[in-house]
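Q: build me a structure from this.
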Amino acid sequence: MRRSPRAWLLCVALVWGCGPGYDDDTVRARSAALMDELHARGLFNGAVVLGRDGVVLYEGAWGEANREAGLRFTTHTPVDGASLAKTFTAGALWVLADEGRLDLDAPVTRYVAEFPHAETTVRQLLSHSAGLGEWDDPAGLSNLQLVERLRTRSSRPEFAPGTRMRYCNACYDVLAAVIERVSGQRYDEFLRARFFEPLAMDSTFLRPARLTDWRGTRTLGYRRVNNATQVFDVEDDEAFYGSANLYLSARDLHAWATSFYARPILPERTFGPALDAARFANGERSAINYLSWYTHPDSARYVYSGDWRGFHHEVYWDPTRRISIVWVTNDLHAKPLPAELTRALIDIMEGREFAEITAPATDGTSAELDAEAAGGTFTLPSVGRVRVDASGPLPMVVAGNRRAHECFVLDRRTCFIPDLDVTLRFSDLRDGRFRSLRWLSTFESLVGDREP
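A: Below is the predicted model:
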């Protein structure tokens, strides 16, 4: 008799327990000390919730959600969740599939006839492998209007669907239209009935397109330039959803994270297949599973982030150790700080010392990677050879035997690979060449040297 995926995870948890972690009081004290220090250094403004076995172990909030209005942050303060909306869109599709109302391997046109690519399947949208480009200017356009725009852009995808991955916001906007056609409900109504209300996610809602239609005081986004705080807020007139535009609090995101390991909300029989990472025709294994969570390649650990304008948030859950970590902020600090923060909180919960969190540059310098200094090959433990070609509009990075991935430039020393959720940080500039490369994600922190 086969064990269900959740039963297997429970067996692992019983064997592993909580690992060598500190007692709860020590976790609380060390977490509070870390977050107080970061806030005092000007490196964190927002809220944190740590959970074990579905119960809040530690929570706290620092700073202001709206400085102009004097609105303080709490763990119930809603923030623009950005790409975290994708995890809800993916979950909704699996609910519909479990009920027999949706076939993930059916063509998208079965459900949204306006979609222009007849051979593309729902699963290919879900796995970021549909070959759709991003929207040029989506302001004021609904999801179906964006689908219609695909017709005028190109009669064919940018690459053969299912052959490889490229992180795709547009895919999830199309999927929201699929959910509405299949369910007969508005996207947010379906999510509320299936997820928000059962999990008591009382602070979660779909934002109005126009900011003038907002009720109450809104959480604003900020950034720091030359030690001064500037408003760096969301765009106005965004009527689309699926890929973004859900507002959620840290407490609500804690409820969502724990629903995957402590309070089941998704149907049992679909949970295992949904956790699988996609494999593509080129042999590549996706870093993201079919529930839209980045997955550790060797173990059951999951993370996803939302990052838009001044907002950045991360949600991490580990069903073997039965822990979850949520933090939200409206005061953007550049990578690699987000991954360093999540890694530090993981270390605290698992009973280890954590690495010092570095302050990123805030001098407002142009985001142009020093291409000549960065180009070349580096060798990193476990990853192998990392080849960087920074000669084009976007640096291209080949790690090990993987294909080339776009690396989006953050500053003269840093770029980010969304396909892998990895930040590359170059250092040790000598004779016009960076000699060292750091590979950083929530799961790994690796440093390697340039090859001769």
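Q: which SS state does Cys415 fall under?
A: What DSSP: H, G, I helix; E, B strand; the rest coil gives for Cys415 is strand.
Q: correct me if wrong: it contacts Leu424.
A: Yes: with contact defined as C-beta atoms under 8 Å, Cys415 reaches Leu424; the gap is 5.3 Å. Every C-beta, even on glycine, is put in place using the N, C-alpha and C of the backbone.
Q: quick check: buried residues in stretch 191-205?
A: Under the neighbour-count criterion of 16 or more other C-beta atoms under 10 Å, stretch 191-205 has 191-192, 194-196, 199, 201, 203-205 buried.
Q: nearest residue to Ala344 in space, please, no chain neighbours.
A: Distances taken as C-beta to C-beta, 6 or more residues apart in numbering place Phe354 nearest to Ala344, at 3.9 Å, with adjacent residues excluded.
Q: what about the one you found, which SS state?
A: On the three-state scheme (three-state DSSP), Phe354 is labelled coil.
Q: surely Val49 is in a helix?
A: No: counting by three-state DSSP, Val49 is not part of a helix but strand.
Q: what sits against it?
A: Residues counted as contacts of Val49 (C-beta atoms under 8 Å, 6 or more residues apart in numbering) are 56, 58-59, 75, 250-251, 253-254, 325-327.
Q: one more time with 7 Å
A: By C-beta atoms under 7 Å, 6 or more residues apart in numbering, Val49 lies in contact with 56, 59, 75, 250-251, 254, 326.
Q: show me what the residue lying closest to Arg438 once chain neighbours are set aside is bridged to.
A: Spatial nearest neighbour of Arg438, excluding adjacent residues (C-beta to C-beta, 6+ apart): Arg425 at 4.2 Å. Beta-bridge partners recorded for Arg425 (DSSP bridges): Thr414, Arg438.
Q: thought Arg425 was touching Ser436?
A: No: using C-beta atoms under 7 Å, Arg425 is not in contact with Ser436, being 8.9 Å away.
Q: neighbour count for those two, which is higher?
A: Arg425 (21 against 15; other C-beta atoms under 10 Å).
Q: how many residues are close by Val178?
A: Neighbours of Val178 under the rule other C-beta under 10 Å: 27.
Q: ok, Asp428 next?
A: 11.
Q: re earlier: ok, of the buried residues of stretch 191-205, which one's closest to Asp24?
A: The shortest gap between Asp24 and any of the buried residues of stretch 191-205 belongs to Leu199, at 23.1 Å (C-beta to C-beta).
Q: surely that closest one is in a helix?
A: No: using three-state DSSP, the secondary structure at Leu199 is coil, not a helix.
Q: how close does it sit to Trp293?
A: Using C-beta to C-beta, to the nearest Å, Leu199 is found at 17 Å from Trp293.
Q: and for Asp53?
A: As for Asp53, its distance to Trp293 is 20 Å (criterion: C-beta to C-beta).
Q: and if you look at Val95?
A: In terms of C-beta to C-beta, Val95 sits 16 Å off from Trp293.
Q: tell me, what residue is most central in the protein?
A: Against the mean C-alpha coordinate of the chain, by C-alpha atoms, centre = their mean, the closest residue is Ser305 at 2.6 Å.
Q: so that residue is in which element?
A: Per DSSP states H and E: Ser305 is located in strand 302-308.
Q: and whichever helix or strand comes after that strand, which strands flank it?
A: The helix or strand immediately downstream of strand 302-308 is strand 311-318, counting by DSSP H and E. Strand 311-318 pairs in its sheet with strand 302-308 (antiparallel), strand 323-329 (antiparallel), by DSSP bridges.
Q: ranking these by burial, who's on top?
A: Neighbour counts (mean count of other C-beta atoms under 10 Å) averaged over each of these peak at strand 323-329, with a mean of 29.
Q: what strands flank the next helix-or-strand element following it, and is each parallel or antiparallel?
A: Per DSSP H and E, strand 323-329 leads on to strand 331-332 as the next helix or strand towards the C-terminus. Paired with strand 331-332 in the same sheet, following DSSP bridges, are strand 222-225 (parallel).
Q: please spell out which residues along the partner strand are buried.
A: So for strand 222-225, counting by 16+ other C-beta under 10 Å, buried means 222-224.
Q: what does it rub up against?
A: Under C-beta under 7 Å, 6+ apart, the answer for strand 222-225 is 229-232, 310, 330-332, 362, 364.
Q: same question for stretch 104-117.
A: 93, 97, 118-123, 125-126, 144, 147-148, 150-151, 155, 157, 174, 177-178, 181-182.
Q: stretch 166-183 now?
A: Outside stretch 166-183, the residues that touch it by C-beta under 7 Å, 6+ apart are 86, 89, 92-93, 96, 101-102, 108, 111-112, 115, 122, 125-126, 128, 130, 132-135, 143-144, 146-147, 186-187, 190, 240-243, 418-419.
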